[in-house]
Structure formats: C-alpha cells, structure tokens
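S.K.: Pasting a predicted model and its sequence here:
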Amino acid sequence: MNNIFEALMLVCFGAAWPASIYRSWVSRTAAGKSIVFLAVVELGYLAGITHKFINGIDGVIYLYVLNAVMVLVDICLYFRNKRIDIRTKVQ
C-alpha cells in the first residue's frame, strides 16, 4: 500500500506513451520530437528501476519496466523517422 501513489504516477505517465508511439509510427517524421527529452525520461525510468533493485523490489517495478520499454520504442522510432526525414530531403 505504501507504493500506491508511485504506481498511480507511473500509470498516469505511462498512459501517454502508446499515443506517442502511435504518432511516431504513422507520421514517419521526427519533427516535433526531442531526443533529449526522450533520453531524460528514459534515464528517469532506469533510475526508478535501479532504486527498486537497491531498496527492495515490489510490483511497481513492472510499471517502471513497461514505461521504460515504451520510451525505448519511441526512441527507436525517432531514429527510424530521422532516417526517413533525411532520405526525403535528399530526393
């Protein structure tokens, strides 16, 4: 019960990532995305995971991992879209 607010925070933050991933997938452009922002968020989730390993693993770690994976997917899509942007500018 101690981690209910931590879990709620992660659920709320995590709710935005599927929409972001979908937009990245269908737009096929990196315009409007910040790789620095994505990297900082990813670092934050990795810090949360590390904290759980150091101070005791509980069920909340699954939310950290899920969110970190979704951000990683968005990062991968950023680089895919950046390549697409470069190719379409050349042609």
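M.R.: Looks like it arrived, so ask away.
S.K.: What residues does the closest residue in space to L63 that isn't next to it in sequence make contact with?
M.R.: Sequence neighbours aside, L10 is the residue nearest to L63 in space, at 3.9 Å (criterion: CB to CB, 6 or more residues apart in numbering). The way it works is simple: take the backbone N, C-alpha and C, and place the C-beta from them, glycine included. By CB atoms under 8 Å, 6 or more residues apart in numbering, the contact list for L10 reads 48, 60, 63-64, 67.
S.K.: what residue lies at the spatial centre of this protein?
M.R.: V71 (1.6 Å; CA atoms, centre = their mean).
S.K.: Return the set of buried residues in stretch 10-26.
M.R.: The neighbour-count check on stretch 10-26 (16 or more other CB atoms under 10 Å) flags 10, 13-14, 17, 20-21, 24 as buried.
S.K.: quick check: longest helix of the chain.
M.R.: The longest helix of the chain (DSSP state H) is helix 60-90.
S.K.: same question for it, mean pLDDT?
M.R.: Helix 60-90 shows a mean pLDDT of 95.
S.K.: counting contacts, what elements does it pack onto?
M.R.: helix 4-14, helix 17-27, helix 35-55 (3 or more CB pairs under 8 Å, 6 or more residues apart in numbering; DSSP states H and E).
S.K.: In TSV, list those helices along with mean pLDDT and distance to K89.
M.R.: Shown next, in TSV, are the helices and strands packed on helix 60-90 (pLDDT from 0 to 100; distance: least, CB to CB, whole Å):
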stretch	mean pLDDT	distance to K89
helix 4-14	95	33
helix 17-27	97	16
helix 35-55	97	18
